[in-house]
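Peer 1: Quick one, what's the 3D model for this:
(one chain, ligands or ions: 3)
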Amino acid sequence: MAKDIASIRVSIKTGDVLKVKGDVLAVGVFSDGKKSALFDGLDAKLGGALGKVWKLGDFKGTAGQAVVVYGNEKIGAKRVVLVGMGEKKKATVDTLRMAAVAAANKAVSLKAKSTLLAVHQGFVGKKHDAKVLGQAVTEGAFMGGYRYDEYVTKTEGKRLKEAGFVIVESDAKVSRSLGAGVKVGCVVGEAQNFARTIMNRPGNVINPPALAGIAKKLASQTPGLSCTVLDDKQIKAKKMGGLLAVGKGSAKKPRLIMLKYTPAGKGGAKVKTIGLVGKAVTFDSGGISLKPGAGMHDMKFDKSGGVAVLGAMKAIAGLKPGVKVYGIIPSAENMPGGMSYRPGDIVTTYSGKTVEIQNTDAEGRMILCDAIHQAVKLKCDVIVDIATLTGACVVALGEGMAGVMSHNDKLVKKIKAASEKSGEKVWHLPCGEEFLEQMKSKIADLKNIGGKWGGACSAGAFLGEFAGDVDWAHVDMAGTGMLDGAKKYGSSGSIGYGVRLLSTFAVDYK
Ligand code: BES
Ligand code: ZN
Ligand code: ZN
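Peer 2: Ligands and ions are numbered 1, 2, ... in the order given. The predicted structure follows:
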C-alpha cells in the first residue's frame, strides 16, 4: 500500500521572530551586500556567526542558496537558515516565492517540524501588497516542502508526517494582510501538491478509469464542484471519434471527465463561463507509431495537462470566484496492439470534421479536439486548453516555460497576466494560417501531423479548428510538464505546472 504524502501547514503569527520557538528560522538575504535589520539583529545574538559565514564567502546570497547556522539560547529557533534571493533590484514576487521554496526544501531535509519564515521582510513596503507576499511565501512553502515518496518503503518511520511553517511578522497590520494571503496560498498550494502527486503516479496506478475515480471523489468532497464521467460506451454513442480512436489500443478504456464549478448565490444572474480543457494521456507509448525506448517512462507525465485542470478546479472551488468553470479532461492510454488505431485511419471527430491519422503518436490533439468541441457545446465564453502536446515546444522554449497560442491577442494578454502573477511562465507562439496549411489532408478535412518544422504551432493551429467561434487559447506545457522538479523546487518529480496559471486566470477573468 502506498503511504500518504506528508502534509504541509502554513500559518501566520504576530510576534518577535527572534523569540518565537521553532526548529528552523529562515531569513532572506539579497546578494548585493545590504543586509537587513533582521540579519544584523540575529548576527548580534549569535555572536557574529552570520557575518562570519558571509565573510568566509560560504554564503553569497545568490538565488537558491540555503545555508544552516546553529542557534543559541538567545534566540527562539534551533537553527537559522540563510536563504539567498539574488540582487535586490531584480527582485520580484516570484523571487520571494522561490526563497520560500528554498527555505522549505532545506527545512524538510533537516526534518524540521516547525519552521519560522521571515523571508518576506525585505519585500514589505509600497511596491508590494502584503497579501500578495503572504500568498507567494505560502505557495513557496508548499512547493519546496513537497516530497513524492508514496512508494518508498525504506524511509518509513523516519520521515515527518507533517511539516509546519509559520510566517512571523511583528507589525500587526502587515501581519493581517499577510494572513489574508496565507489563506489563498494554502488553497492554491494544497491543490497544486494534490495535482503533483497524481502527475507523479505511474501508468500502472493511474489509468483513465482511475483518474475518473479521483475526479469523482474530489467533487464529492468539495462544495461547489460536481463531476460527470462518460465511459467508453457513452463516448462511442456521442461519436467522439478522436478520444475513442486513441483509447482503443488499451485494456483500460477511455473516459471523458467533466467537472463543473458553480458560484454560490448567483441564482439566475448571467455569469461568464470558462472552459478549461486538459490532455490526460495516462501513458503515451506512441501507439503503433511506437516511441523509442529511452526516456519512455517519462510519458507517464503525459496526463499532466488534464491533472493541472483537475488541480485548478480544486483551487477554484476553494477560492470561489463569481464565474462558472468547466474542467473537461479527456483521458486515454495510448498503446500499441491489435485493437489500436493505425496510421492511415480516417477518424470522424465529435465536431464532424474528419482527420487522417499519419502518426498515432500525435494522439493528444485527437483527444483534445473532441473535448474542445464539448466545451463549445457547453456554451463556454472562453476555452483554454493545456497539454504536454509536442516535443517541438520543448525544442523552442526549453523546460522553463510553456507556449501559449491563440487567434486572439487580448486573451493571450490575460494568460500572460495570470502567468506573471502566478510565477508559471509562458511565451507567446504563433498558430495562424501558415501553420494550418500544414494540417490539411488530401483525403480528409485535416491530418494529425504537419511538416517537419514548427510542430508546436501546427498542433496549435489544428486545435484552433475545433473551437468554432469561441474565444480560445492553447497552452503547450510539454517542457514544464516533464521538467524534473529537482531542478526547480529541489525534489524530483512533477512541479505541478498549470494549477497556479489556470486558477489565477479563472479567478481574475473578466
Ligand atoms: N506526449 C507527446 C509530446 C511530448 C514529447 C511531451 C516530449 C513531452 C516531451 C506527444 O503525444 C507526441 O508524441 N508528440 C509528437 C508529435 C509528432 C508525432 C507530430 C512529438 O512531439 O514528437
Ligand atoms: Zn504522443
Ligand atoms: Zn502525448
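Peer 1: Would you mind pointing out the helix or strand the residue nearest to V187 when sequence neighbours are not counted falls in?
Peer 2: Nearest non-adjacent residue to V187, counting by Cβ to Cβ, 6 or more residues apart in numbering: G318, 3.7 Å away. For glycine as for every other residue, the C-beta is placed from the backbone atoms N, C-alpha and C. Element membership for G318, per DSSP states H and E: helix 304-319.
Peer 1: what comes up buried for that helix?
Peer 2: 304-319 (16 or more other Cβ atoms under 10 Å).
Peer 1: Next: stretch 36-48.
Peer 2: Quick answer for stretch 36-48 (16+ other Cβ under 10 Å): L38, F39, G41, L42, D43, K45, L46.
Peer 1: What is the three-state secondary structure of the fourth one?
Peer 2: Put simply, L42 is helix when judged by DSSP: H, G, I helix; E, B strand; the rest coil.
Peer 1: Going forward, the N-terminal residue is numbered 12.
Peer 2: Fine by me, first position is 12 from now on; the one you just mentioned is L53.
Peer 1: State the distance from whichever residue of the stretch 112-261 of the chain sits closest to ligand 1 to R108.
Peer 2: Closest approach between the stretch 112-261 of the chain and ligand 1, counting by Cβ to the nearest ligand atom: V257, at 9.6 Å. To R108, V257 is 36 Å away according to Cβ to Cβ, to the nearest Å.
Peer 1: For these two, indicate the residue with more neighbours.
Peer 2: V257 (31 against 24; other Cβ atoms under 10 Å).
Peer 1: element containing that one?
Peer 2: helix 252-258.
Peer 1: State the distance from the residue of the stretch 112-261 of the chain found nearest ligand 3 to K99.
Peer 2: At 9.2 Å from ligand 3, V257 is the closest residue in the stretch 112-261 of the chain, using Cβ to the ion. Separation of V257 from K99 (Cβ to Cβ): 50 Å.
Peer 1: and I16, how many residues sit next to it?
Peer 2: Neighbour count for I16, taken as other Cβ under 10 Å: 17.
Peer 1: what's around the nearest residue to it once chain neighbours are set aside, how many residues?
Peer 2: Among residues not flanking I16 along the chain, T208 sits closest, at 5.5 Å (Cβ to Cβ, 6+ apart). Using other Cβ under 10 Å, T208 is surrounded by 20 other residues.
Peer 1: ok, T208 to ligand 2 distance?
Peer 2: 23 Å (Cβ to the ion, to the nearest Å).
Peer 1: tell me the secondary structure for that residue?
Peer 2: helix.
Peer 1: what's it in contact with, if anything?
Peer 2: Contacts here follow Cβ atoms under 8 Å, 6 or more residues apart in numbering; on that basis T208 touches I16, Y159, E161.
Peer 1: Do you know the pLDDT at it?
Peer 2: On pLDDT, T208 comes in at 98.
Peer 1: coming back round to it: so which of the contacts of T208 also contact ligand 3?
Peer 2: By Cβ under 5 Å from the ion, no member of those lies near ligand 3.
Peer 1: Tabulate the residues you listed (CSV), appending secondary structure, distance to D396 and pLDDT.
Peer 2: Formatted as CSV, the contacts of T208 follow (DSSP: H, G, I helix; E, B strand; the rest coil; distance: Cβ to Cβ, whole Å; pLDDT from 0 to 100):
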residue, secondary structure, distance to D396, pLDDT
I16, coil, 28, 96
Y159, coil, 26, 97
E161, coil, 29, 95
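Peer 1: Walking through the stretch 362-511 of the chain, point out its strands one by one.
Peer 2: Remark: strands assigned in the stretch 362-511 of the chain by DSSP state E, counting those that start in this stretch are 365-367, 393-398, 413-417, 437-439, 457-458, 482-487.
Peer 1: Out of these, which one sits most buried?
Peer 2: strand 393-398 (a mean of 29; mean count of other Cβ atoms under 10 Å).
Peer 1: What strands flank it, and is each parallel or antiparallel?
Peer 2: Within its sheet, and counting by DSSP bridges, strand 393-398 is paired with strand 284-289 (parallel), strand 482-487 (parallel).
Peer 1: Just read off the phi/psi values of the residue minimising distance to the centre of the chain.
Peer 2: Taking Cα atoms, centre = their mean, the centroid of the chain lies closest to Y508, which sits 2.4 Å from it. Dihedral pair for Y508: phi -50, psi 140, per degrees, to the nearest 10.
Peer 1: how much space is there between it and ligand 2?
Peer 2: Counting by Cβ to the ion, the separation of Y508 from ligand 2 is 18 Å.
Peer 1: For G26, list the residues it contacts.
Peer 2: V179, S181.
Peer 1: Please report how far it lies from F176.
Peer 2: Look at G26 and F176: by Cβ to Cβ, they are 15 Å apart.
Peer 1: and this structure, which residues reach ligand 3?
Peer 2: So the chain meets ligand 3 at V292, D295, D313, G375 (Cβ under 5 Å from the ion).
Peer 1: Same list (those) but as a markdown table, adding pLDDT.
Peer 2: Output for the residues of the chain next to ligand 3, formatted as a markdown table (pLDDT from 0 to 100):
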| residue | pLDDT |
| --- | --- |
| V292 | 99 |
| D295 | 99 |
| D313 | 99 |
| G375 | 99 |
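Peer 1: which of the residues you listed are close to ligand 1?
Peer 2: Contacts with ligand 1 within these, counted by Cβ under 6 Å from any ligand atom: D295, D313, G375.
Peer 1: can you redo those residues as JSON lines with neighbour count and distance to V104?
Peer 2: Below are these laid out as JSON lines (neighbours: other Cβ atoms under 10 Å; distance: Cβ to Cβ, whole Å):
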{"residue": "D295", "neighbour count": "26", "distance to V104": "35"}
{"residue": "D313", "neighbour count": "27", "distance to V104": "31"}
{"residue": "G375", "neighbour count": "28", "distance to V104": "32"}
